[in-house]
Each structure stands twice: as structure tokens, then as C-alpha cells.
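Student: Need the 3D shape of this:
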Amino acid sequence: MDRCEVARCRAEASIVYLGHGVCETHWNKLAAEDAPPDALRMALGVESGHRAAVEGRTVDDGAKTSKSEQAETPAKGKGKGKKAAPTKATAKAEAPAEKKGKREPIEDACVFAFRLSVADRTRIHEAAGPAGATRFVRSAALAAASGDRDAFNALVEQARTNLK
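Tutor: So this is what the prediction gives:
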């Protein structure tokens, strides 16, 4: 596993994900907070053996499903031959992509990952507010590591505000 296993990528693999080598560029792009939950797995061609094994899903108990599954699921009560009403996911996929400003790469950047329970992940997302979990966790870790009590206390206050 010396090369990235994403199709047509010739970069050196720096991360191993589910037994497959992935370069940092694809890891950052496909495992980002705003990427679809299955993006990296699908880019590698890895099939999910069990629904609960895929992040963002639970076994069918009023389950959360991915946006792609929601788009493929026909609406209840519709007759044969009728298409389901478009969902936000399909409407977003059909809409022209907006060009986002490219971020400057961080010099000597690396990936720092850790495992946590789904309940802990949910608590972090709730405390961080919308689309801010990665930044929240990074800031908390750096504040704690550098002994910056003011920054850490500001994050605690932010969490209290978001949890109310």
C-alpha cells in the first residue's frame, strides 16, 4: 500500500483506511465534515458489510439514512411508474455546483484522528453548533495542550450556549 487506492490517483498513501491506502489530499477531501458520509468508502470501492458499520447510519429502528439512500427510496403511497418527489439531496445534486474559494494548504499538515462513541460524537456536534465540530475539537485540544485557560473557557461557554 504505497500508493493511494482512489481511482486515477498516483500520490503516495499516507493513511490506511479500512485496509486501503489513501493520500492526504483524498483523505482531507473525502473525510471532511461537509463530505457525504460514504464518500471515502465509495471512492475506494469498499462495500459496506453491515449498515451499522457505516458512520452516520443506524440499523433500521427509525434509522438515519444517507442522503443518497433517501433519494433512491420511493415515496410512500405513490403508484407504480410515478417518480418520488425530489428531495433536497437530489435537488442539490442537480443544481449547478457553486465554486468555493480554494483554501491555502497548511504547511506540514497531518491528520490526527481518534475513535469515540456515537453518543460522544453527537454531544460534540451539539456543543459545537452547526458545521463547527472539527474546529471546536481542534480548538479545545490546542487550548488544553497549550494551557490557554481563557480559550478553553470560551469554548465551554460556547458549548453551554449551544446546548440551551
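
Student: now the strands for this protein?
Tutor: Using DSSP state E, the strands of the chain run over 15-17, 20-22.

Student: Just name the most buried of those strands.
Tutor: With neighbours defined as mean count of other C-beta atoms under 10 Å, the strands of the chain peak in mean count at strand 20-22, which reaches a mean of 22. For the C-beta atoms, the positions are set from N, CA and C on the backbone; glycine is no exception.

Student: thinking again about what came up before, mind telling me which of the strands of the chain the model trusts least?
Tutor: Here the strands of the chain differ in mean pLDDT, and the lowest is strand 15-17 at a mean of 85.

Student: Need the contact partners of that one.
Tutor: Met1, Gly21, Val22, Cys23, Glu24, Trp27, Ala31, Leu40, Leu44, Val111 (C-beta atoms under 8 Å, 6 or more residues apart in numbering).

Student: Check the residues you listed and tell me the two furthest apart.
Tutor: Spatial extent of the contacts of strand 15-17 (C-beta to C-beta) is set by the pair Met1 and Ala31 at 17.0 Å.

Student: Can you pick out the residue with more neighbours from the two?
Tutor: Using other C-beta atoms under 10 Å as the criterion, Met1 and Ala31 rank with Ala31 on top: 18 against 12.

Student: Not counting residues beside it along the chain, what's closest to that one?
Tutor: Leu40 (5.3 Å; C-beta to C-beta, 6 or more residues apart in numbering).

Student: Is it correct that that neighbour is in contact with Asn28?
Tutor: No - when contacts are counted by C-beta atoms under 8 Å, Leu40 is not listed as touching Asn28 (10.4 Å).

Student: Neighbour count for these two, which is higher?
Tutor: Leu40 (23 against 17).

Student: which ones are touching the more buried one?
Tutor: Contacts of Leu40 (C-beta under 8 Å, 6+ apart): Tyr17, Val22, His26, Trp27, Leu30, Ala31.

Student: Tell me which helix or strand in the chain has the weakest average pLDDT.
Tutor: Between all helices and strands in the chain, the lowest mean by mean pLDDT, DSSP states H and E belongs to helix 67-72, at a mean of 48.
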